[in-house]
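Asker: whatever this is, show me its structure:
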Amino acid sequence: MPINAKQYVVPVISNVEIIRDHKVITFVAPELAAVAQPGHFVNVLVSDGYDPFLRKPFSIYTVDRATGEVSVLYSIVGATTRGMARKRSGDTLDLVGPLGGRIFAPDTREGVTHIMVGGGYGVPPLVFLSRELREAGNDANLVFIIGARHQNLLVCEAELLEAGFDARVSTEDGSKGVQGRVTDVLEPILNELGGSNCSVYCCGPTPMMHAVGDLSERYEAPCQVSIEVAMPCGMGVCMACVIDTRDERRVRSCTDGPVFDSREVGW
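Answerer: Have a look, this model is predicted:
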């Protein structure tokens with residue numbers, strides 16, 4: 001098991017729907033909160049039987065180290081998330097964490113613009129990263145790009161705007177923001193600021209991350225991507241999360257990632 005990772009059965013304090021079929025479940029886990037960092041994930045189990053049999057990974061969304069509260073944002077799409085959706089305040093949640101062998105490494109160059117690019121429920125770990133960057137230095141230059149098929153599927157936009165982040169939106173159908181994809185918002189920024197003056201952090205569907213990685217490479221902007229694949233054990237044993245690298249290696253997303261330099265990944 002990765003260093004600091006433990007199994008916890010934690011009390012749930014809230015489970016709130018933020019948009020249709022998307023909820024944020026918040027629980028108290030002081031030990032987890034003390035060591036969790038952006039890019040870490042937890043593996044959740046909601047059954048005492050065999051349905052579902054395996055744990056499911058979720059990126060950590062928010063951490064309050066003072067209160068020990070941690071939250072996960074999830075989309076209700078399968079057995080595990082349906083079980084999570086039934087949780088109420090006072091119930092417990094079985095999880096293992098924090099997991100992840102390589103997490104986001106913030107660019108430390110002076111004056112760099114940090115660009116978060118999130119699609120769907122790939123947005124949560126980037127919210128965590130943005131908050132940590134802001135707490136580390138209030139003068140950090142931050143831009144957040146959120147993409148979705150339709151405005152009703154945009155995740156965390158209101159929260160980011162309330163927190164004062166520069167949040168920009170793209171929707172494929174043009175229902176809000178720029179009509180198109182996140183790369184249609186990202187490219188003008190890289191062009192204006194100069195790619196080498198930017199650092200991109202990305203999480204979302206694989207084709208989106210591939211496109212963002214290629215665009216960032218073209219503009220010579222460093223780009224880190226958080227791979228979203230099945231990671232049932234989270235500890236490098238089951239080999240269900242193996243991906244190919246550009247130099248023809250095979251690596252485990254859970255322990256060798258889940259965060260990679262986009263130039264490493266064999267898309």
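Asker: for the helix or strand that contains residue 13, packing partners?
Answerer: Taking DSSP states H and E as the definition, residue 13 sits inside strand 6-19. Where contact means 3 or more Cβ pairs under 8 Å, 6 or more residues apart in numbering; DSSP states H and E, strand 6-19 is packed against strand 22-28, helix 30-35, strand 92-99. Any C-beta I mention is one placed from the backbone N, CA and C, and that applies to glycine too.
Asker: contacts for the shortest one?
Answerer: Counting by Cβ atoms under 8 Å, 6 or more residues apart in numbering, the neighbours of helix 30-35 from elsewhere in the structure are 4, 6, 8, 10, 42, 63-65, 67-70, 97-98.
Asker: next, the buried residues of it.
Answerer: For helix 30-35, burial by neighbour count (16 or more other Cβ atoms under 10 Å) applies to 32, 33.
Asker: mind checking what helix or strand follows that helix in sequence?
Answerer: Following helix 30-35 toward the C-terminus (DSSP H and E): strand 41-45.
Asker: average model confidence for the following helix or strand past that next one?
Answerer: Once the chain leaves strand 41-45, the next helix or strand it forms, by DSSP H and E, is strand 56-59. What strand 56-59 shows for mean pLDDT is 95.
Asker: with stretch 242-255 instead?
Answerer: pLDDT averaged over stretch 242-255 gives 95.
Asker: now that stretch: how far from the chain's centre is it?
Answerer: 19 Å (Cα atoms, centre = their mean, to the nearest Å).
Asker: and that stretch, what's buried?
Answerer: Result for stretch 242-255 [16+ other Cβ under 10 Å]: buried residues 243, 251, 252, 253, 254, 255.
Asker: so of those residues, which ones are in helices?
Answerer: 253, 254, 255 (DSSP state H).
Asker: surely the first one meets residue 231?
Answerer: Right, residue 253. Yes. In this structure, residue 253 is within contact of residue 231 by Cβ atoms under 8 Å, at 6.0 Å.
Asker: which residues do the two both contact?
Answerer: Shared contacts of residue 253 and residue 231, counting by Cβ under 8 Å, 6+ apart, come down to residue 241.
Asker: OK, contacts around the spatially closest residue to residue 190 that is not a sequence neighbour?
Answerer: Once flanking residues are discounted, residue 190 sits nearest to residue 219: 4.2 Å by Cβ to Cβ, 6 or more residues apart in numbering. Neighbour list for residue 219: 187, 190, 191, 194, 195, 196, 198 [criterion: Cβ under 8 Å, 6+ apart].
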